[in-house]
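Novice: Here you go, sequence then predicted model.
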Amino acid sequence: MSRHGKIARLPGPIREQVNVRLQNGENGQDIIAWLNSNDEATAVLAQHFGGQEINDTNLSQWRQGGYRDWEVMQASLDEANRIVSEGLELDKVGGEGAGGPAGGVAGGAIYRRDAKVD
């Protein structure tokens with residue numbers, strides 16, 4: 001989903017920092033103050049929003065939308081990393097006949113799938 005709010009329009013690295021700060025439980029007012037004092041953020045706000053600062057509503061909307069999307073993506077990346085790690089471990093244990101790294105990764109995915117079924 002494409003987002004168009006103030007925080008969604010900020011550069012990716014700034015959005016990433018907002019998300020990490022939210023994940024770490026940082027106070028919303030501190031995040032807002034940081035954003036409204038950030039030169040890159042204020043340039044975007046000037047260009048797209050007439051210089052209107054980010055406020056509580058903007059952060060709340062981001063928390064309910066963009067941040068939740070980010071959390072889902074982080075969970076997916078974590079799962080993918082676990083599957084690859086398990087696959088590489090299976091490849092080490094299985095030796096030559098395990099199908100190489102791709103076979104190990106596939107084996108890890110199958111192992112994870114079967115483990116969830118039981």
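Specialist: Sure thing, it's come through.
Novice: So in the chain, where's the weakest helix or strand by average pLDDT?
Specialist: When the helices and strands of the chain are scored by mean pLDDT, DSSP states H and E, helix 100-117 comes last with a mean of 53.
Novice: Look up how far residue 68 lies from residue 56.
Specialist: Per C-beta to C-beta, to the nearest Å, residue 56 is found 18 Å from residue 68. (Each C-beta comes from the backbone N, C-alpha and C, glycine too.)
Novice: cool, and residue 55?
Specialist: Taken as C-beta to C-beta, the span from residue 55 to residue 68 is 19 Å.
Novice: Domain-wise, how is this structure divided?
Specialist: Listed domain ranges for the chain are 12-64, 78-117 (source: automatic domain parsing).
Novice: Least confident of those, on average?
Specialist: For the domains of the chain, mean pLDDT drops lowest on domain 78-117, to a mean of 60.
Novice: Which helix runs longest in this structure?
Specialist: helix 66-94 (DSSP state H).
Novice: what's it packed up against?
Specialist: Under the contact criterion of 3 or more C-beta pairs under 8 Å, 6 or more residues apart in numbering; DSSP states H and E, helix 66-94 touches helix 12-23, helix 100-117.
Novice: What count of nearby residues applies to residue 41?
Specialist: Here the number of neighbours of residue 41 (other C-beta atoms under 10 Å) works out to 22.
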